[in-house]
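Participant: got a predicted structure here, sequence first:
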Amino acid sequence: MNALDPPVDSPSTTSEPASLSDMVDLLVQTGSLLLQHGADAGRVESSLQQMAPGLGIDRIDAIVMSKTILLTATRRDVHHTRVARVPIVGVNMNSLNEVEQLLGLFRQGRATPEQMAAILDRIAALPHHYPRGMTVAAVGLACAAFCRLFGGDWAAVAVTGGAAAVAAWVRMELNRRQVNYFLVVLITGLVASLLAGNALWFSQTPQSALTAAVLLLVPGVPLINASVDILRGHISAGLARATASLVVFLGIALGLGFALRLFQVRL
Amino acid sequence: MSGVELAVSLAQKGCWAAVATLGFSILFNVPKYALPYCALIGGFGYALRPALMSGGLGMVSATLGAALLVGVLATILARRHEVSGTLFAVGPAIPLVPGSYAYKAVMGIVMAAELPPERSAELLLVAFDSGIKAALTILFLSFGIALPDLLWSALRRGD
């Protein structure tokens, strides 16, 4: 403890860690884990606010952007600020759920800040419930179902499933190599539509295969988060997400447009 | 279309939408116990949209209805399992996202950029139409999904 941080007599601060800076680190760790796995800005902010009493902090001012958290914690006349860049990993409902359960325990006083930091580390390292092969197959199946919904025949459904599964695998590999997100969309979209275009040889409805195979790229969660953010008044976070989604659609349109020209198919 | 034919077509759409929801829920790492619920909610939610549209509603308001159903079911399940509603709502929301409208809008604009003005008008009109539908559908989709949970929290706070 430093000189500016005298011992306190308030009962809520009995289990607090040594310094305000440690608490800010814990808050940023919690917020980052939520944001990088697909939580919207409002959810991150309210989760952080709920931690304030348990940490013995008087006031938390947090600004959550699409890939950044700015956070100032104030305790009496001392304050501490951190700016954290948050690498976006992708939607992971299990991690979000685990963090939320942990926050519940912490609010009830059943976890200390030290325990919480350790559990957050464990949540961040949790493996996926489903192996990579199964995820790839699931994405293929989902796009095949979309093809059927768009009125495709069985040949188109089969081609779509294969094309989308290969594209899902390509996207995973590119993301693991940390390729620029627009390039990932462009390459994945091109792979999906070039493979799906082969429905031309087997199917009466090749356009349904082309439309459905690129649907794995549609940024569904970012788009829904964008409009949730905007509706709740987090305009800048929402606009950033909406713009990024628009760029993704541009990438899809370019890849698909190239394949449509090549195969001479009209949607 | 007769009532029976409509019911059969809706049931088929619901089943395929359930498969799509299941696929995306696995991609989003939804815990195993929640997967069947997600698939069911996704199927019913997606089938409600064409049902409402055959009753005369437009795409945007029909999506709001479907999203409300998803939101209500997800909220009920979330209370029972003491988790956040998004666990049961995100997968089912994905088939309702108007992805093909959105990229038709962007593709129309990209193609119009390559044409002389007298030939681009029709393309731009289609692009604009798809874009408006896509944007409003997404806005109403997220609103409809979030509303039941917000209302429920407000009601509980009132007690």
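Facilitator: That came in fine, so what should we check first?

Participant: in contact with residue B:50, which residues?
Facilitator: Residue B:50 makes contact with B:9-10, B:13, B:62 under the criterion Cβ atoms under 8 Å, 6 or more residues apart in numbering or on different chains. For glycine as for every other residue, the C-beta is placed from the backbone atoms N, C-alpha and C.

Participant: now do residue A:240
Facilitator: If you count contacts by Cβ under 8 Å, 6+ apart, residue A:240 has them with A:65-67.

Participant: burial measure for the closest residue to chain B within the stretch 1-150 of chain A, as a count.
Facilitator: For the stretch 1-150 of chain A, the residue closest to chain B is residue A:142, as judged by Cβ to the nearest Cβ, at 2.7 Å. Close neighbours of residue A:142, defined as other Cβ atoms under 10 Å in any protein chain shown, add up to 32.

Participant: so which strand or helix has it?
Facilitator: helix A:132-149 (DSSP states H and E).

Participant: can you name the next helix or strand after that helix?
Facilitator: Past helix A:132-149, the next helix or strand by DSSP H and E is helix A:154-176.

Participant: thinking again about what came up before, so how far is the helix holding residue A:142 off the chain centroid?
Facilitator: 20 Å (Cα atoms, centre = their mean, to the nearest Å).

Participant: pretty sure residue B:51 is touching residue B:11, no?
Facilitator: No. Look at residue B:51 against residue B:11 with Cβ atoms under 8 Å: they stay out of range, at 10.6 Å.

Participant: please identify which of those two sits among more neighbours.
Facilitator: residue B:51 (20 against 11).

Participant: please report the distance of the closest residue in space to residue A:202 that isn't next to it in sequence from residue A:178.
Facilitator: Distances taken as Cβ to Cβ, 6 or more residues apart in numbering or on different chains put residue A:155 closest to residue A:202, at 4.0 Å, once the chain neighbours are dropped. To residue A:178, residue A:155 is 37 Å away according to Cβ to Cβ, to the nearest Å.

Participant: give me the more crowded residue out of these two.
Facilitator: residue A:155 (16 against 9).

Participant: and the more buried one, what does it touch?
Facilitator: A:199, A:202-204 are the contacts of residue A:155 under Cβ under 8 Å, 6+ apart.

Participant: show the model's pLDDT score for it.
Facilitator: Looking at residue A:155, its pLDDT reads 94.

Participant: also residue A:2?
Facilitator: The model's pLDDT for residue A:2 equals 40.

Participant: how about low-confidence regions in the chain?
Facilitator: Picking chain A for this. Chain A contains residues with pLDDT under 70 at A:1-18.

Participant: oops, wrong one, chain B.
Facilitator: Within chain B, the segments meeting pLDDT under 70 span B:1, B:158-159.

Participant: find the centremost residue of it, please.
Facilitator: residue B:96 (2.1 Å; Cα atoms, centre = their mean).

Participant: next, the residue lying closest to that one once chain neighbours are set aside: phi, psi?
Facilitator: Excluding its sequence neighbours, the residue lying closest to residue B:96 (Cβ to Cβ, 6+ apart) is residue B:141, at 5.5 Å. Main-chain dihedrals, residue B:141, degrees, to the nearest 10: phi -60, psi -50.

Participant: surely residue B:141 touches residue B:69?
Facilitator: No. Residue B:141 is beyond contact range of residue B:69, at 11.7 Å (criterion: Cβ under 8 Å).

Participant: neighbour count: the two, which is higher?
Facilitator: The neighbour count for residue B:141 versus residue B:69, taken as other Cβ under 10 Å, is higher for residue B:141 (26 against 22).

Participant: helix or strand: which one has the residue in chain B positioned nearest to chain A?
Facilitator: Residue of chain B nearest chain A, by Cβ to the nearest Cβ: residue B:23 (2.7 Å). Mapping residue B:23 onto the secondary structure by DSSP H and E places it in helix B:3-27.

Participant: and what of residue A:60?
Facilitator: Residue-wise, residue A:60 maps onto strand A:59-64 under DSSP H and E.

Participant: partners of that strand, with directions?
Facilitator: Strand A:59-64 sits in its sheet next to strand A:68-75 (antiparallel), going by DSSP bridges.

Participant: now what about the partner strand, what contacts it?
Facilitator: A:5, A:20, A:23-24, A:27-28, A:31-32, A:35, A:44, A:48, A:52, A:55-64, A:79-86.

Participant: still on that earlier bit, which residues are in contact with the residue nearest to residue B:96?
Facilitator: Residue B:141 neighbours (Cβ under 8 Å, 6+ apart): A:224, A:227, B:63-64, B:67, B:93, B:96-97.

Participant: now it: how far from residue B:104?
Facilitator: 17 Å.

Participant: just residue A:242 next, same as before
Facilitator: Residue A:242 is 18 Å from residue B:104, by Cβ to Cβ.

Participant: how about residue A:214?
Facilitator: Distance, residue A:214 to residue B:104, using Cβ to Cβ: 12 Å.

Participant: among the two, which residue is more densely surrounded?
Facilitator: residue A:214 (31 against 23).

Participant: I'd assumed residue A:194 was in contact with the more buried one.
Facilitator: No. The criterion here is Cβ under 8 Å, and residue A:214 misses it with residue A:194 at 10.8 Å.
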